[in-house]
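>>> Just to be clear, the model below is a prediction. Sequence and coordinates:
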Amino acid sequence: MNKTKQMVLALVGVAVLDLVLWILIRIGIIGPYWQIILNESMIYVIGGLGLSIIYGFTGQFSLGHAAFVGIGAYCAGWFAITFSHYGIWASLGSLVVGMVSAGLVGYLIGVPILRLKSDYLGIATLGFNFIVYDGMQNSDKLSSVLGGAQGMTGVPQFQTFEWYFVTAVIVFILVRNLVFSSHGRACTAIRENETAADVVGVSPARTKIMAFTVGCVLAGLGGALYAHNYPYVNPDSFSFLESINYLIIVVLGGLGSMTGTVITAVGWAFLLEVLRMFLSLLGPSFINLRGVLYALILVIVIILRPQGIFGGIEASFLVPHIGRRKSDAAAGS
Amino acid sequence: MPLLEVKNLGINFGGLRAVNKFDLDIQAGEIVAIIGPNGAGKTTVFNMLSGYYLPTDGTIAFKGCTMNGLRPFQVAQRGIARTFQNIRLFPQISVLDNVRIAFHPRVGYNMLDSILRTPRFKAREAELTGRSMNLLAVFGLEDKAEIKASGLPYGAQRRLEIARAMAVQPDLLLLDEPAAGMNPSEVQQLVELVRFVKEKFDVTVLLIEHQMGLVMNLCERLIVMDFGEIIASGLPQEVRDNPKVLEAYLGRGAVA
Amino acid sequence: MVTFFQQVVNGLQLGLVYALIALGYTMVYGIVKLINFAHGDVFMVGAFMGYIGYTFIKLPWPVALVMALLTCAVIGVINERLVYRPLRYAAKISALISAIGASFFIEYFTSLNFVFTPNYISFTPPIKEITWIVGGVRITDIQVVILVTVAAFLALLQLLIFRTKLGLAMRTVSFDHDAARLMGVDVDKTISFTFFVGSGLAGIGGVLFGFAYPQIWTFMGVMTGLKAFIAAVLGGIGILPGAVLGALIMGQVEILTSAYISSQARDAIAFAILIIVLLIRPSGILGRNEPEKI
């Protein structure tokens, strides 16, 4: 089956999936609680793709991703509340605000920090996560809207799944386009061998900063959506433990695989809920086993598949077709 | 005007003077080799020429412009390409992508074009893909275009590294021990390849090598280094019989 | 001024405990280049062992200390065998994820009702609070105990690393596994032993921490472990004196920030200091910058 047909089929499949879910939600088989979880899975897809660009594709070990999700959430939430008299435009605007704020902070932090090598970069980003967390706890000193340690309430809520789904699909397509372009190749070159990338004319600093900024923009978008999915925005949702969740999603999914990130993000969002449901069937005292089972699953999966579930694998309809014939226009370079 | 003008180049690493008073002029179209025992400072010179090390003394001028202090990616963008002693490919990405990446500085479209797949993106991407495939064909790698670079046999990996260097569209090509690990027949193929590359792409070549077979057959001029300094230079025949050179390689007293 | 010295002494107490944990991180990192995420949880187990030994089994506290040491040392070894060894030569990030899983496992398993329960547990520590006033500064006997215990174990560790064959093996393996094997070193046993020692030290740290701040909880290892890890990095990861130095600094920073700025800001400030140090000295204070050979 040729590439175009594959891609069309994939898009049709996506549309059908959305339709099916829409029907299930309208009928009531998927209740409001599960709709929130579905939305959450889309948020993890978007945020996960952001970390995937930073770490999976460019090799920059960031342990502070949740901080940028949080920055997006708070800035978007603040904007949506403050301009709520503009209705839906305020919320749409807040998505942009979330992206820009997270991206800007990502850029400013990235410039000094991305000079650090792998493990140390992780530690520095982890530190940044803490600093931001501390800031969120004290955010009421900046503006009472932000709520401080109690969290921010009052963001207009949009829990229609279609919005989240469509946003995630669009983000996915755009990320895929970026990955399979010269800019994407620059990122993977840096990941594979920074010294060699340097010597073929790819600036390591510029590439890393670009990737980091784009990744943070996506984190900010995820955060902005988060603010509209939950009645309150709480600092604890953006702690370093949450950054570790994003890391788990990206690594378990397979570094450098967008397919892996997406599937693992959705799976992960549902895993804990499914575990909870399953365990509560066994009896009330079994619910506490949820964490233990989750930990066991994590360890077993990574030992059995160290490269991640989809490590090195990308859905074939995503990869662009390469013309195999030599171009007729003669001379090489 | 010489293509490359290096004057009084020197570098200190802490207390160690690794390279001292290194002069070199290369005219466009030459094939020159730097030879010398291990530890003589040859790769250090390359590292300075390609921008990894900042020289402590001396100047490097390329096409008339000073290169001191430029970063490696800037050096590449000015027209100097380089390969490494231990091959540095991008192992987990395809052979084709290894070459396509070298077109990035001159890619002709921006990130927005990439994300939105504009006509400009499609046109430029097709063009650079075509040119990359042609380059792979020149080096006999086109049927391996889509496999991972780490899957190539050693000799093919070396050729890929040179192909990638050529994709930088350099005026000067620095080859660091390109024949390392090759048997005599492979070395002969390499000699022909380098000669072919020089003719076809009109590029000047400076190489570091230990294999005398390659050097004698290929190079018009030799520079011999020992302990960080040039001890001899000239035509291959002259240098081969120079007593200082023999002493550097074989040790004092080995010269009859 | 007296209050300042008081805080310094308090900071020293905390720093010494961090030192015990930080040493474990740095030893493991030095030998297998792994950030042992579960180390903080071993510390937590130590605290609980100390509590259980003293409060339930009614052991004299030094015996409880030894019990904790051995339990934690064994847990460390089991951890290494089951969770880290399969991934020892795989990608570092995979080993890190496994370590994270191990950490979660220990936390959630011990939180189960039939183990330690998820509750905060307060208890009366064994060491009677005798205090001395030296130059206006209050020094408690628990602080003296901590100082003496940590100093003693540091001295033992020095002896082990630099005067014994095992210590030599540890140093060798931390340079190059294959070369060590070729020299006849049993790499697997050496690594297991390193985990044994490192986790044992964390266990002691846990007991002392519990006795000094007697409110323990199954998730107490998360933050404390993280801070000890920061300490190890601050001083230069993989370098033993660096771990101690970093830990003492972290202890001081934490206590002084709590006292003079706000206790909320202390983590943020500790991290801010770390980031600044890393930007100036990318390999930590005592770290050696190994430039890449091109």
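Structure received.
>>> Pass me the low-pLDDT residue ranges in the chain, would you?
The chain I'm using is chain A. Counting by pLDDT under 70, the low-confidence segments of chain A come to A:1, A:323-333.
>>> Chain B was what I was after
Counting by pLDDT under 70, the low-confidence segments of chain B come to B:251-256.
>>> Do you have the helices of it handy? List them.
In chain B, helices defined by DSSP state H lie at B:42-49, B:72-78, B:95-100, B:111-116, B:119-138, B:154-167, B:184-201, B:212-218, B:236-240, B:243-250, listed in chain order.
>>> Tabulate the ones you listed (a markdown table), appending distance to chain A and mean neighbour count.
Placement of C-beta: from N, CA and C, glycine included. As requested, the helices of chain B are exported to a markdown table (distance: least, CB to the nearest CB, whole Å; neighbours: other CB atoms under 10 Å in any protein chain shown):
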| stretch | distance to chain A | mean neighbour count |
| --- | --- | --- |
| helix B:42-49 | 10 | 24 |
| helix B:72-78 | 4 | 21 |
| helix B:95-100 | 5 | 27 |
| helix B:111-116 | 4 | 16 |
| helix B:119-138 | 3 | 18 |
| helix B:154-167 | 6 | 22 |
| helix B:184-201 | 7 | 15 |
| helix B:212-218 | 22 | 18 |
| helix B:236-240 | 28 | 15 |
| helix B:243-250 | 29 | 15 |
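>>> out of the ones you listed, which comes closest to residue A:190?
With CB to CB as the criterion, residue A:190 lies closest to helix B:72-78 of those, at 10.9 Å.
>>> can you list contacts of that closest one?
The set of residues that contact helix B:72-78 without belonging to it, under CB atoms under 8 Å, 6 or more residues apart in numbering or on different chains, is A:195, A:197-204, B:49-52, B:62-63, B:65, B:67, B:70, B:82, B:105, B:168, B:170.
>>> The same query, at a cut-off of 10 Å, please.
Counting by CB atoms under 10 Å, 6 or more residues apart in numbering or on different chains, helix B:72-78 makes contact with A:195-207, B:47, B:49-52, B:60, B:62-63, B:65, B:67, B:70-71, B:80-82, B:102, B:104-106, B:165, B:168-172, B:174, C:294, all of which sit outside it.
>>> give me the number of residues near residue C:179?
Taking other CB atoms under 10 Å in any protein chain shown as the criterion, the count of residues near residue C:179 is 11.
>>> Which one of the residues in the stretch 151-294 of chain C is closest to chain A?
Using CB to the nearest CB, residue C:271 is the residue of the stretch 151-294 of chain C that sits closest to chain A, at 3.3 Å.
>>> I figured that residue hits residue A:123, correct?
Yes - counting by CB atoms under 10 Å, a contact exists between residue C:271 and residue A:123, whose distance comes to 8.7 Å.
>>> Roughly how far does residue C:40 sit from residue C:229?
Plainly put, residue C:40 is 8 Å away from residue C:229 if you go by CB to CB, to the nearest Å.
>>> Oh, that last question was meant for residue B:180, not what I typed.
If you measure residue B:180 against residue C:229 using CB to CB, the figure is 42 Å.
>>> More neighbours: those two, which one.
When neighbours are counted by other CB under 10 Å, residue B:180 and residue C:229 differ, and residue C:229 comes out ahead with 28 against 16.
>>> wait, what's in contact with the more buried one?
A:123, A:126, C:18, C:21-22, C:24-26, C:29, C:35-37, C:39-40, C:237, C:243, C:246, C:250.
>>> Inside strands: which ones of the residues you listed?
Among the contacts of residue C:229, no member falls in strands (DSSP state E).
>>> Could you pick out which of the residues you listed are located in helices?
In this view, the contacts of residue C:229 that belong to helices under DSSP H are A:123, A:126, C:18, C:21-22, C:24-26, C:29, C:39-40, C:243, C:246, C:250.
>>> Serialize those residues to JSON lines and add fields for distance to chain B.
As requested, the ones in helices among the contacts of residue C:229 are arranged in JSON lines below (distance: CB to the nearest CB, whole Å):
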{"residue": "A:123", "distance to chain B": "25"}
{"residue": "A:126", "distance to chain B": "26"}
{"residue": "C:18", "distance to chain B": "35"}
{"residue": "C:21", "distance to chain B": "36"}
{"residue": "C:22", "distance to chain B": "31"}
{"residue": "C:24", "distance to chain B": "34"}
{"residue": "C:25", "distance to chain B": "30"}
{"residue": "C:26", "distance to chain B": "27"}
{"residue": "C:29", "distance to chain B": "26"}
{"residue": "C:39", "distance to chain B": "31"}
{"residue": "C:40", "distance to chain B": "33"}
{"residue": "C:243", "distance to chain B": "27"}
{"residue": "C:246", "distance to chain B": "27"}
{"residue": "C:250", "distance to chain B": "32"}
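>>> Most neighbours out of these, which is it?
residue C:22 (36 neighbours).
>>> Mind checking if the helix or strand residue A:70 falls within is in reach of chain C?
Of the helices and strands defined by DSSP states H and E, residue A:70 is found in helix A:65-82. No - under the criterion of CB under 10 Å from any CB of the partner chain, chain C is not reached by helix A:65-82; the shortest gap measures 11.5 Å.
>>> Mind giving me the packing neighbours of that helix?
On a contact count with 3 or more CB pairs under 10 Å, 6 or more residues apart in numbering or on different chains; DSSP states H and E, helix A:65-82 meets helix A:32-51, helix A:88-113, helix A:118-137, strand A:152-153, helix A:204-229, strand A:232-233, helix A:240-253.
>>> Kindly list the main-chain dihedrals of the closest residue to residue B:211 other than its chain neighbours?
Nearest residue to residue B:211, sequence neighbours excluded (CB to CB, 6 or more residues apart in numbering or on different chains): residue B:179, at 4.6 Å. Reported as degrees, to the nearest 10, the phi and psi values for residue B:179 are phi -100, psi 10.
>>> so residue B:179 makes contact with residue B:190?
Yes - in this structure residue B:179 lies within contact range of residue B:190 using CB under 10 Å: 5.4 Å.
>>> okay, and the common contacts of the two?
Contact with both residue B:179 and residue B:190 is made by residues B:158, B:209, B:211, B:213, B:214, B:218, according to CB under 10 Å, 6+ apart.
>>> ok, for residue A:135, nearest residue in space, not its chain neighbours?
In space, and not counting its chain neighbours, residue A:135 is closest to residue C:268: 7.8 Å by CB to CB, 6+ apart.
>>> Burial check on that neighbour, number of neighbours?
For residue C:268, the tally of surrounding residues (other CB under 10 Å) stands at 22.
>>> any idea how far the residue of the stretch 51-200 of chain C found nearest chain B lies from residue C:34?
Checking the stretch 51-200 of chain C residue by residue against chain B with CB to the nearest CB singles out residue C:91 as nearest, at 11.3 Å. In this structure, residue C:91 and residue C:34 are separated by 11 Å, where distance is defined by CB to CB.
>>> so what's the most centrally placed residue in chain B up against?
For chain B, the residue sitting closest to the mean C-alpha position, by CA atoms, centre = their mean, is residue B:174 at 1.9 Å. Counting by CB under 10 Å, 6+ apart, residue B:174 touches A:199, B:4, B:34, B:45-47, B:49-50, B:75, B:80-84, B:165, B:204-208.
>>> again, only using 6 Å
B:46, B:82, B:206 (CB atoms under 6 Å, 6 or more residues apart in numbering or on different chains).
>>> how deep is the residue of chain C found nearest chain B tucked in, by neighbour count?
Proximity of chain C to chain B (CB to the nearest CB) peaks at residue C:294, 5.2 Å away. When counting by other CB under 10 Å, one arrives at 20 neighbours for residue C:294.
>>> Can you tell me the closest non-neighbouring residue to it?
residue B:52 is the one closest to residue C:294 (CB to CB, 6+ apart), at 5.2 Å.
>>> Could you pull up phi and psi at that neighbour?
According to degrees, to the nearest 10, the main-chain angles of residue B:52 amount to phi -80, psi -40.
>>> Enumerate the positions of the worst-scoring helix or strand of chain C on mean pLDDT that are buried.
Every helix and strand of chain C was ranked by mean pLDDT, DSSP states H and E. The lowest is strand C:131-134, at a mean of 79. For strand C:131-134, burial by neighbour count (16 or more other CB atoms under 10 Å in any protein chain shown) applies to no residue.
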